[in-house]
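J.: Return a 3D structure for these sequence lines:
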Amino acid sequence: MGALTRQTPKCLLPILGKPLLQIWLELLRDQGVSEVLLNTHWLPQPVEAFVAQWQVRHPVPHVTLFHEPVLLGSAGTLLANRSWIMGEQPFLILYADNLTQVAVGDLVRAHGRHGLPFTMGVFQTPEPRRCGIAEIGHDDLVVGFEEKPEIPKSDWAAAGLYVADSRIFDVFPDHLETGKILDFGFDIIPKLVGRMKAYYIREALLDIGTPDAYARAQAAWKNRTA
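T.: Take a look at the predicted model:
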């Protein structure tokens with residue numbers, strides 16, 4: 001994002017005047033989520049200040065901040081906070097740098113119906129070579145997964161919206177080596193093939209990872225919320 005995030009962390013970028021993090025917290029509150037763990041790295045102070053102000057006015061969801069001076073990777077964050085997670089079963093794993101209207105409560109309920117340790121939210125992408133791609137078999141079972149494949153086997157991409165229970169830690173290392181980045185798409189999800197189901201996302205799911213995508217997302221959001 002370059003200049004846009006030089007002084008503002010991505011999660012606080014405004015969407016029609018409202019910080020992206022606020023949109024997420026409101027969505028989670030409205031879906032019955034009471035506890036959130038949020039990792040910080042780049043420019044943590046503005047995030048800490050925003051969360052402090054949010055908690056004064058909105059006690060739910062309660063937000064626990066976890067600062068990573070050196071990034072641990074998407075799965076490394078999960079492993080480092082395993083003790084926090086273990087009190088809640090199942091739990092959501094959300095990549096909150098997207099803009100979405102997904103009903104995460106429906107995602108959790110879908111997870112509860114199949115009894116497997118992991119549910120992957122998926123969406124159809126026009127650029128499968130840039131995404132983590134799921135091969136989906138009978139009864140929505142994920143039978144293959146590859147991050148950024150040269151020859152994609154489908155156009156169903158991982159959405160960064162997942163539900164899991166503690167059984168996923170069976171495929172994690174016992175601890176994270178110093179300096180090691182543990183990535184969910186490369187290091188963990190492929191090991192869960194055959195033990196997870198797909199959940200098809202039909203609601204808005206908008207990338208804000210580049211200035212052009214950010215502008216398009218704001219325009220699309222205005223149309224959807226008008």
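
J.: Okay, now the unreliable bits of the chain?
T.: Counting by pLDDT under 70, the chain contains low-confidence residues at 1-4, 87-88, 225-226.

J.: which residues of it fall in strands?
T.: Taking DSSP state E, the strands of the chain run over residues 14-15, 18-19, 35-40, 62-67, 91-94, 98-100, 118-124, 132-136, 142-147, 156-164, 196-200, 205-207.

J.: possible to save those strands as CSV with distance to residue 175 and mean neighbour count?
T.: In this view, the C-beta of every residue, glycine as well, is placed from N, C-alpha and C. Listed next are those as CSV, based on distance: least, C-beta to C-beta, whole Å; neighbours: other C-beta atoms under 10 Å:
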stretch, distance to residue 175, mean neighbour count
strand 14-15, 38, 16
strand 18-19, 34, 16
strand 35-40, 18, 18
strand 62-67, 17, 14
strand 91-94, 20, 22
strand 98-100, 30, 22
strand 118-124, 21, 23
strand 132-136, 25, 23
strand 142-147, 23, 18
strand 156-164, 19, 23
strand 196-200, 24, 21
strand 205-207, 33, 17
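
J.: Any chance of JSON lines for those strands, columns distance to residue 26?
T.: Output for those, formatted as JSON lines (distance: least, C-beta to C-beta, whole Å):
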{"stretch": "strand 14-15", "distance to residue 26": "12"}
{"stretch": "strand 18-19", "distance to residue 26": "9"}
{"stretch": "strand 35-40", "distance to residue 26": "12"}
{"stretch": "strand 62-67", "distance to residue 26": "13"}
{"stretch": "strand 91-94", "distance to residue 26": "14"}
{"stretch": "strand 98-100", "distance to residue 26": "12"}
{"stretch": "strand 118-124", "distance to residue 26": "19"}
{"stretch": "strand 132-136", "distance to residue 26": "27"}
{"stretch": "strand 142-147", "distance to residue 26": "30"}
{"stretch": "strand 156-164", "distance to residue 26": "16"}
{"stretch": "strand 196-200", "distance to residue 26": "22"}
{"stretch": "strand 205-207", "distance to residue 26": "16"}
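
J.: so which of those strands comes closest to residue 56?
T.: The stretch from the strands of the chain with the least distance to residue 56 (C-beta to C-beta) is strand 62-67; that distance is 11.8 Å.

J.: Could you spell out the sheet neighbours of that closest one, each with its direction?
T.: Note on strand 62-67: by DSSP bridges, its sheet partners are strand 35-40 (parallel).

J.: next one: the strand it pairs with to chain centre, how far?
T.: In terms of C-alpha atoms, centre = their mean, to the nearest Å, the centre of strand 35-40 is found 11 Å from the chain centre.

J.: What's the local residue count around residue 44?
T.: 15 (other C-beta atoms under 10 Å).

J.: List the contacts of it.
T.: 9, 65, 67 (C-beta atoms under 8 Å, 6 or more residues apart in numbering).

J.: Identify each buried residue in stretch 100-114, please.
T.: For stretch 100-114, a neighbour-count test (16 or more other C-beta atoms under 10 Å) marks 100, 102, 104, 107, 108, 110, 111 as buried.

J.: ok, now how distant is residue 22 from residue 49?
T.: 13 Å (C-beta to C-beta, to the nearest Å).

J.: quick one: which of those two has more around it?
T.: Using other C-beta under 10 Å as the criterion, residue 22 and residue 49 rank with residue 22 on top: 16 against 11.

J.: could you check the distance from the more buried one over to residue 55?
T.: 12 Å.

J.: Can you tell me how far the closest residue to residue 72 other than its chain neighbours is from residue 91?
T.: Closest residue to residue 72 apart from its sequence neighbours, by C-beta to C-beta, 6 or more residues apart in numbering: residue 80 at 5.8 Å. Distance of residue 80 to residue 91, given as C-beta to C-beta: 15 Å.
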